[in-house]
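Enquirer: Please find the sequence and the predicted model below.
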Amino acid sequence: MAKIAFIGAGSVVFTQELLSAILAYPELHGITIALHDIDPRRLAAAELMAHRLSQTLDAEATVEASLSRKAVLEGADYVINTVAVGGLEATRIDHEVPARYGIHQVIGDTLGIGGISRAVRTIPVVLEIARDMETLCPHALLLNYANPMSMVTWALFWATGVPVVGLCHSIYWTSVQLAEYIGAPFEKITFDGAGINHQAWILRFEQNGQDAYPALREVMERPEVWSRDPVRFEMFRRLGYFVTESSAHNAEYTSYFLKRPDLIERFNVPLGFYLQELEENAAEFEERYASLQRGEPLEVTPSPEYAPQIIHSMETGQVRKIYGNVENRGLIENLPQGCCVEVPCIVDGTGVHPCHVGALPPHLAAINRVSVNVQELAVRAVLEGRRAFLYHAAMLDPLVSALLDLGQIWALVDELLAAHGDQVPKPLRRQ
């Protein structure tokens, strides 16, 4: 049976969701689950949880856990990466330093100045994982959940030969939300989406084979509906297509919603949301760990996440359509070749097969290209050790450039890198 390695398994809530879905498949009973984390307590919690889920689902899984990443990777068939380098404290730096310059973020882990900073400390670690894979499990598929998704996955395309697909739930859950907004059963909805991670577009949204966008335009005028997704409804009104990921996230990705206090209030942007969530998660971990140690019943939480579906399809041959972050080799014709794009993929027993999309509507591609420019410079900065590219990436970020002059942008980057200290690769530090 297959061996699935979890790197960053101490993200206990998410690991529980993934394991619940994996072990719920009868065809995957008897698999080996190998867990790694750098935090011994979190690793112990994940190991207890995996055993308990296997028992609850009669999955007869072999559960291994190790503080040694190499021991976990050896012989793996699938590697699920959920690392968050630096954890809560690094995320706090990514919020507090830009805030001193007037840049306020909600999450700051994917695009924007927070995403650039996170890429600097995350890409080197993920490249180390990939290089271990090249030796210890060269045929394994890397299923990457680590943010900033596009930048991390793009770096893997350029710097390694490891087969990789980046996974995110934003297109799926956006479609679920849109069905709710128009009062339609989700099973009656069909959709297609494409673009880049967290800034993909619902290109087709239909109910019973008929265009459902007119119904969405009608219901969004109701205050109770508009208030649930104000940033994205405003974008939809101006662009004609609905963007994926939440209003809170999307507020950070352009210059339109966070540059003035009145806009923040008007679009009800929850500044600092992610920091608060991480603090709550830390407290929740302690409660979950204590509960696991007491042997209390563990809830099985099935998840629509794509990693379990990919593994099941590759092991059984069942054909599925998912959305993956993959290398743009002619998939989206008006986005740069070689960048990381989010497109439909067909999964079967032979692997993950990205689908050709063609050209996006030109205005949507133009918005994506702004973000892709920032991503490319950040990736090149890390891979080539060129600190100047980080300044240039920040210069091109829409929100940063709307609020700061060039001197301030340079100072902000310098302060962020200094604050992260040893988590910054040596070539990017001040000599």
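Expert: Ah, there it is. Just so it is clear, the model here is predicted, and its values are computed rather than measured.
Enquirer: what sits against Ala59?
Expert: Applying Cβ atoms under 8 Å, 6 or more residues apart in numbering, we find Ala59 in contact with Leu23, Leu28, His29, Gly30, Ile31, Leu53. (C-beta placed from N, C-alpha, C; glycine too.)
Enquirer: The residues you listed, buried ones only, as a ChimeraX selection?
Expert: Buried residues among the contacts of Ala59 (16 or more other Cβ atoms under 10 Å), as a ChimeraX selection:
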select :23,28,31,53
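Enquirer: Among the contacts of Ala59, which ones are in helices?
Expert: If you go by DSSP state H, the contacts of Ala59 have Leu23, Leu53 in helices.
Enquirer: Just name the closest of the contacts of Ala59 to Gly385, please.
Expert: Ile31 (39.8 Å; Cβ to Cβ).
Enquirer: And for the residue lying closest to the closest one once chain neighbours are set aside, the neighbour number?
Expert: Among residues not flanking Ile31 along the chain, Met1 sits closest, at 4.7 Å (Cβ to Cβ, 6 or more residues apart in numbering). Residues near Met1, counting by other Cβ atoms under 10 Å, number 14.
Enquirer: check contacts around Met1.
Expert: Met1 makes contact with Leu28, Gly30, Ile31, Thr32 under the criterion Cβ under 8 Å, 6+ apart.
Enquirer: Look up how far Glu64 lies from it.
Expert: Distance from Met1 to Glu64, counting by Cβ to Cβ, to the nearest Å: 13 Å.
Enquirer: Check Val162 too.
Expert: Counting by Cβ to Cβ, the separation of Val162 from Glu64 is 21 Å.
Enquirer: Also Gly209?
Expert: Note on Gly209: its distance to Glu64, by Cβ to Cβ, is 48 Å.
Enquirer: more neighbours, those two?
Expert: The residue with more neighbours, out of Gly209 and Glu64, is Glu64; 16 against 8, by other Cβ under 10 Å.
Enquirer: Name all residues that make contact with that one.
Expert: Thr32, Ile33, Ala34, Leu35, Ala71, Val72 are the contacts of Glu64 under Cβ under 8 Å, 6+ apart.
Enquirer: just the helices in the stretch 251-400 of the chain please.
Expert: 261-266, 273-294, 306-316, 362-384, 387-396, 398-403 (DSSP state H, counting those that start in this stretch).
Enquirer: max-length helix in the protein?
Expert: Counting residues, the longest helix found in the chain (DSSP H) is helix 112-136.
Enquirer: Least confident secondary structure element in this protein?
Expert: Every helix and strand in the chain was compared by mean pLDDT, DSSP states H and E; the lowest is helix 273-294, with a mean of 82.
Enquirer: Name the residues of it that come out as buried.
Expert: For helix 273-294, by 16+ other Cβ under 10 Å, it's Phe273, Tyr274, Leu275, Leu278, Phe285, Arg288, Tyr289, Leu292.
Enquirer: Please export the C-alpha coordinates of it as CSV.
Expert: The C-alpha coordinates for helix 273-294 follow below in CSV (Å, rounded to 0.1, in the frame of the first residue of the first chain):
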residue,chain,number,x,y,z
PHE,A,273,-8.0,38.7,11.2
TYR,A,274,-5.3,36.1,10.5
LEU,A,275,-3.2,37.0,13.5
GLN,A,276,-6.3,36.7,15.8
GLU,A,277,-7.1,33.3,14.1
LEU,A,278,-3.6,32.0,14.6
GLU,A,279,-3.7,33.0,18.3
GLU,A,280,-7.0,31.2,18.7
ASN,A,281,-5.6,28.2,16.9
ALA,A,282,-2.7,28.1,19.4
ALA,A,283,-5.1,27.9,22.3
GLU,A,284,-7.2,25.3,20.5
PHE,A,285,-4.2,23.1,20.0
GLU,A,286,-3.6,22.9,23.7
GLU,A,287,-7.3,21.8,24.2
ARG,A,288,-7.1,19.2,21.4
TYR,A,289,-3.8,17.8,22.7
ALA,A,290,-5.1,17.4,26.2
SER,A,291,-8.3,15.8,24.8
LEU,A,292,-6.2,13.3,22.7
GLN,A,293,-4.1,12.5,25.8
ARG,A,294,-7.3,11.8,27.8
